[in-house]
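Q: I would like the atomic coordinates for the input below:
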Amino acid sequence: MKIKPLGDRVIIKPVAAEERTKGGIIVPDTAKEKPVVGEVVATGPGRKSDEGKILSFDLKIGDKVLYGKYSGTETTIDGQEYLIMRESDIFAVV
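A: Numbers count the residues shown, from 1 in each chain. Okay, the predicted model is just below:
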């Protein structure tokens with residue numbers, strides 16, 4: 001990856017939204033909800049404590065995570081969409 005996040009930020013590749021419902025109905029692009037699950041593709045070095053020590057992440061590259069629907073900053077790198085957000089914006093590892 002050509003980008004490296006700083007501090008306690010992570011880069012997430014969102015999982016594509018389903019195009020069909022369980023019943024087989026095709027969902028148009030305008031009705032799709034934003035994804036809330038993604039894969040961690042890069043992490044920064046970690047958050048600094050008040051004493052200046054770097055605190056490591058609970059996440060690692062490859063983890064599937066659950067995050068807020070409107071969390072992070074969307075960016076496109078080499079034609080692929082990614083989200084950059086703080087570790088604290090991630091709710092859980094799936």
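Q: Tell me the secondary structure at Ser88.
A: Here Ser88 is helix, with the state taken from DSSP: H, G, I helix; E, B strand; the rest coil.
Q: quick one: contacts for the closest residue to it other than its chain neighbours?
A: Using Cβ to Cβ, 6 or more residues apart in numbering and skipping residues adjacent in sequence, the residue nearest Ser88 is Asp8, 7.2 Å away. Glycine gets a C-beta too; all of them are placed from N, C-alpha and C. Contacts here follow Cβ atoms under 8 Å, 6 or more residues apart in numbering; on that basis Asp8 touches Gly44, Gly46, Arg47, Phe57, Arg86, Glu87, Ser88.
Q: try Gln80
A: Lys13.
Q: Relative to Ser71, which of the contacts of Asp8 is nearest.
A: Distances from Ser71 to these, taken as Cβ to Cβ, are shortest for Arg86 (8.6 Å).
Q: Just want the phi and psi numbers for the residue nearest to Ser88.
A: phi -100, psi 30 (degrees, to the nearest 10).
Q: Distance check, it against Val15.
A: Asp8 sits 23 Å away from Val15, going by Cβ to Cβ, to the nearest Å.
Q: what's the answer for Ile90, then?
A: Distance, Ile90 to Val15, using Cβ to Cβ: 14 Å.
Q: what do the two both touch?
A: Shared contacts of Ile90 and Val15, defined by Cβ under 8 Å, 6+ apart, are absent.
Q: more crowded one of the two?
A: Neighbour tally, Ile90 and Val15, criterion other Cβ atoms under 10 Å: the higher count belongs to Ile90, 22 against 14.
Q: Who does the more buried one form a beta bridge with?
A: Here Ile90 sits in beta bridges with Tyr67, going by DSSP bridges.
Q: Would you mind confirming that it is in contact with Gly72?
A: No - with contact defined as Cβ atoms under 8 Å, Ile90 does not count as touching Gly72 (9.3 Å).
Q: okay, and the common contacts of the two?
A: In contact with both Ile90 and Gly72: no residue, using Cβ under 8 Å, 6+ apart.
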